[in-house]
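K.L.:
next come a sequence and a model predicted from it.
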Amino acid sequence: MDQRLIQKQVQKLTLTPQLRQFLHLLQLPIFELEQKIEEELTQNPALEEVSASPESESTDESEVPEEPAPKQETPDDTLQQIESLASELEGGTWSGDASQNNPIESQKKRDYQQSILTKPSSLADYLEWELGILKLSPAQEEIAHEIIGDINSDGYLTASVEELAASLKCSTDQVEEVLLQIQALDPPGIAARNLQENLLIQLRKETFDTSLAQRIVQNYFDPFKRKQFDQIAKGLGTNVNKINAAYEQISKLEPKPGRIFSSEEPQFVIPDAKISFDSDSEEKLIVEIRQDRIPALRINPTYLRIVRQKDTDQKTKTFLRGKIQSGLELLRAIAQRKSTLQLITEEIVRVQSLFFTKGFAYLKPLRLKDVAQTVGIHESTVSRAIQGKYMDTPQGTIPYKSFFSSKIETEEGTSESQKSTLERVKMLIANENKKKPLSDSKLVRLLGHEGIKLARRTVAKYRDILKILPAHLRKQR
């Protein structure tokens, strides 16, 4: 046998603690960033808030270099100071990775790693993503999209199989076949039509024996809800202890499988950016990334002096250097977050300038990819940076995501204005049967018949812009 040594290059993805922190801070809205900073101040003694009091600044400037103060410096200045101090403390390196010394040089690495960390932001998005693992025909995919469009925030299917079949002009058997496949997806219990079916789906997916629990839910659900365990035990020919054990199994199941995707947005919104008109020109817009809630931070000068002193023992130096480096990483991530958000917001404002004077109807088609290419960063960076964030604008407080939409193409290949498409969606919903409102998937098909090609998610976004509820909430009994 001919044995040879073969070398193979393999690209291995390593998420360093520094990178994880940058990615985490990048996506935090300002109120969560404020909480994160408070936690870091509590946990890291080397990190301190810069006081406005003159007495607190009476350190020996000849011994301690100027510390980063994000409130008073530009992001680039702050980053330069951080890198300088990191270089001094680590002998010219940053935790063993040369690319870490320069945020710009490591941008491609961060972008690639961010792309694998992006996850669906809603239950519908997650289910649409999961459809990729099912082997569905085009006709079945259409049924699946319709079913997902009729699943509410708790994870229950709100339309009957008969209603879905009538809407799709297919048989109930075809709908049932696809529904069973969706019910096999995660989260367990999804697309159930009632609580009983939800519990049965979950029990069937458990890895341990749930046969008794399944029989109880299947055949004795009403006595079970009333906790009539003696009646159930007699009917199943078993003892009450086993019924109690099955009850414990069932009580641990999730009654609302969609709840894990429910929005936990705060009752109030704190915008990350403020857009206003220049006092000298009503045509010029000013972009300001809010920093008023973020305290000015620096590395504690006392700890720096101790690390630099020759008579400090090695154990103490190692401990303090770890804390100082952790603080520097936080300062770097905060400055980079602000710089990235500033660039993205300025580009959004440039493209969507008419919105700020005339409103949503004048939004232009804009993709994450368009902003990423102009700013010079990866699309996933833009996606992460705008997540959960809002702008304070002359038109009100608006989510960043509302400024993005794909270009609308007609069958003739021309670009349709968003304004006219919004009006068409509004008109279709206004004329719908109130007892059988149009789902997003149905709207996609109707628009398609008119030559306007849209994704279901885009239609859902347009509904949000128009402040129109989803189909299952518009339905009148």
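P.N.:
Sure thing, it's come through. Numbering: from 1, shown residues only.

K.L.:
now do the contacts for residue 36.
P.N.:
Neighbouring residues of residue 36 by CB atoms under 8 Å, 6 or more residues apart in numbering: 24, 25, 28. Just so you know, the C-beta spots here come from the backbone N, C-alpha and C atoms, and that holds for glycine as well.

K.L.:
what's the pLDDT at residue 117?
P.N.:
What the model reports for residue 117 is a pLDDT of 40.

K.L.:
which secondary structure element contains the closest residue to residue 199 other than its chain neighbours?
P.N.:
In space, and not counting its chain neighbours, residue 199 is closest to residue 217: 5.0 Å by CB to CB, 6 or more residues apart in numbering. In this assignment (DSSP states H and E), residue 217 forms part of helix 211-219.

K.L.:
surely the residue nearest to residue 199 meets residue 197?
P.N.:
No - taking CB atoms under 8 Å as the definition, residue 217 is not a contact partner of residue 197, at 9.1 Å.

K.L.:
which SS state does residue 173 fall under?
P.N.:
Under DSSP: H, G, I helix; E, B strand; the rest coil, the three-state class of residue 173 is helix.

K.L.:
in the longest helix belonging to the chain, what's buried?
P.N.:
What stands out as the longest helix in the chain, according to DSSP state H, is helix 314-351. Residues of helix 314-351 classed as buried: 320, 323-349, 351 (neighbour count, 16 or more other CB atoms under 10 Å).

K.L.:
hang on, the earlier thing: out of the contacts of residue 36, who's nearest residue 368?
P.N.:
residue 28 (18.6 Å; CB to CB).

K.L.:
what about the nearest residue to the closest one once chain neighbours are set aside, distance to residue 330?
P.N.:
Nearest residue to residue 28 in three dimensions, chain neighbours excluded: residue 36, at 6.3 Å (CB to CB, 6+ apart). Computed with CB to CB, to the nearest Å, the distance linking residue 36 and residue 330 is 9 Å.

K.L.:
list residues touching both of the two?
P.N.:
Residues touching both residue 36 and residue 330 (CB under 8 Å, 6+ apart) are residue 25.

K.L.:
quick one: end-to-end distance for stretch 432-449.
P.N.:
Start-to-end span of stretch 432-449 (CA to CA, to the nearest Å) is 16 Å.

K.L.:
my guess is residue 284 meets residue 349, correct?
P.N.:
No - checked against CB under 8 Å, the pair residue 284 and residue 349 is beyond contact range at 10.4 Å.

K.L.:
picking up where we left off before, so what does the helix holding residue 217 touch, helix or strand wise?
P.N.:
helix 195-205, helix 229-236, helix 240-251 (3 or more CB pairs under 8 Å, 6 or more residues apart in numbering; DSSP states H and E).

K.L.:
what mean pLDDT does it get?
P.N.:
Averaging pLDDT along helix 211-219 yields 93.

K.L.:
just the buried positions in it, please.
P.N.:
212, 213, 214, 215, 216, 217.

K.L.:
what's the most distant pair in these?
P.N.:
Spanning the widest gap among the buried residues of helix 211-219 are 212 and 217, at 9.9 Å by CB to CB.

K.L.:
which residues in the protein form strands?
P.N.:
Under the criterion DSSP state E, the chain carries strands at the ranges 47-49, 273-278, 281-289, 297-299, 390-393, 396-399, 408-410, 415-416, 452-453.

K.L.:
noted, bye for now.
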